[in-house]
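[1] this one's structure only:
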């Protein structure tokens with residue numbers, strides 16, 4: 001049993017390498033794009049103030065930031081490919097389809113249950129828009145979960161073949177057929193399971209606020225540690241947009257959250 005657990009953990013670690021190693025490259029190129037469009041740098045190096053370099057910098061950073069904004073999808077396909085024992089291309093494609101099925105299934109279920117918040121109230125609500133679909137904000141954990149599930153189903157059923165007229169439904173197509181109900185059920189289950197996880201993270205925010213310097217240390221450590229998961233914003237968002245970040249009356253109107261106060265004062 002110990003050897004099986006260790007083998008599974010090693011396989012998962014190797015699968016994580018594919019999406020993780022892409023992120024520093026994207027981040028570096030985004031930084032280059034930002035440098036080429038930095039107004040202060042243009043004052044120091046006037047030759048950068050031209051439409052060619054500014055346009056290239058804008059395109060470069062704008063194109064690659066989409067990777068950081070869709071980490072769930074990146075991890076879903078990357079992990080599925082890494083964990084697949086054979087036909088890795090089909091595994092990645094099936095994982096992509098599973099991701100699309102999941103976000104739409106969760107959105108429809110939450111809509112039927114009246115759980116979706118208004119689009120202008122997403123900040124701090126625990127919900128987010130993923131590929132244009134409003135669902136629970138699970139960050140990169142969504143991609144990790146779906147990647148693992150897709151890879152397991154792929155490895156289990158990829159060799160399934162049928163005879164006669166049903167031959168076309170074998171292999172990767174049968175994997176997707178099995179995945180559809182699994183993913184839909186998972187979307188319904190996580191709709192109820194994930195909010196308590198979010199509640200724990202929100203509670204940490206209030207704990208941080210009440211424990212002085214120790215709270216500041218916890219805040220900084222958690223914010224850094226959660227960056228790879230894409231959930232670091234759940235730590236600082238309550239401070240930015242709710243009364244946890246303070247309240248202030250400005251021009252006769254009360255504002256809550258340090259960022260809202262900051263913009264109002266400006």
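    Yep, that arrived. Everything numeric in this text was worked out from a predicted model, so none of it was measured. Numbering: from 1, shown residues only.
[2] From here on, just use CA atoms for contacts and neighbour counts.
    Will do.
[3] Can you tell me how far residue 179 is from residue 25?
    32 Å (CA to CA, to the nearest Å).
[4] more neighbours, those two?
    Using other CA atoms under 10 Å as the criterion, residue 179 and residue 25 rank with residue 179 on top: 22 against 12.
[5] My read is that that one contacts residue 150, right?
    Yes - contact criterion CA atoms under 8 Å: residue 179 and residue 150 qualify, at 7.1 Å.
[6] Find residues that contact each of these two.
    residue 98 (CA atoms under 8 Å, 6 or more residues apart in numbering).
[7] mind listing the strands for the stretch 101-250 of the chain?
    Assigned by DSSP state E, counting those that start in this stretch, the stretch 101-250 of the chain shows strands spanning 127-130, 133-136, 247-250.
[8] Could I get the buried residue list for the first one?
    For strand 127-130, the neighbour count (16 or more other CA atoms under 10 Å) marks 127, 128, 130 as buried.
[9] now do stretch 50-60
    Here stretch 50-60 shows 54, 57, 58, 60 as buried, counting by 16+ other CA under 10 Å.
[10] for it, the distance to its chain's centre please.
    28 Å (CA atoms, centre = their mean, to the nearest Å).
[11] Show me the contact partners of that stretch.
    By CA under 8 Å, 6+ apart, stretch 50-60 touches 29, 30, 32, 33, 34, 35, 36, 37, 48.
[12] Looks to me like the fourth one is in a helix.
    I take that to be residue 33. Yes - remark: residue 33 belongs to a helix, assigned using DSSP: H, G, I helix; E, B strand; the rest coil.
[13] Would you mind confirming that residue 235 makes contact with residue 222?
    Yes - the pair residue 235 / residue 222 is scored as a contact, 7.5 Å apart, by CA under 8 Å.
[14] So for these two, which residue has more residues nearby?
    Of the pair residue 235 and residue 222, residue 235 is the one with more neighbours under other CA under 10 Å, namely 23 against 17.
[15] measure that one to residue 102 for me?
    Residue 235 is 25 Å from residue 102, by CA to CA.
[16] which residues in the stretch 1-150 of the chain form helices?
    2-36, 39-44, 51-69, 71-83, 88-112, 140-157 (DSSP state H, counting those that start in this stretch).
[17] buried residues in the shortest one?
    For helix 39-44, a neighbour-count test (16+ other CA under 10 Å) marks residue 42 as buried.
[18] Residues touching that helix, excluding its own?
    Contacts of helix 39-44 (CA under 8 Å, 6+ apart): 35, 48, 49.
[19] Could you tell me which of these count as buried?
    The buried subset of the contacts of helix 39-44 - by 16+ other CA under 10 Å - is 35, 48, 49.
[20] JSON lines for those, including pLDDT?
    Shown next, in JSON lines, are the buried ones among the contacts of helix 39-44 (pLDDT from 0 to 100):
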{"residue": "35", "pLDDT": "84"}
{"residue": "48", "pLDDT": "80"}
{"residue": "49", "pLDDT": "80"}
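[21] Just give me the closest of these to residue 13.
    The nearest member of the buried ones among the contacts of helix 39-44 to residue 13, counting by CA to CA, is residue 35 at 33.7 Å.
[22] gap between that closest one and residue 22?
    20 Å.
[23] swap in residue 1?
    For residue 1, the distance to residue 22 - CA to CA - is 33 Å.
[24] What's the local residue count around the closest residue to residue 30 other than its chain neighbours?
    The shortest distance from residue 30 to any non-neighbouring residue, by CA to CA, 6 or more residues apart in numbering, is to residue 61 (4.3 Å). Using other CA under 10 Å, the number of residues around residue 61 comes to 22.
[25] Does residue 61 touch residue 33 like I think?
    Yes - if you go by CA under 8 Å, residue 61 and residue 33 touch, sitting 4.8 Å apart.
[26] Any chance of TSV for the buried residues of strand 127-130, columns pLDDT and distance to residue 94?
    TSV is the format used below for the buried residues of strand 127-130 (pLDDT from 0 to 100; distance: CA to CA, whole Å):
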residue	pLDDT	distance to residue 94
127	87	25
128	86	24
130	90	18
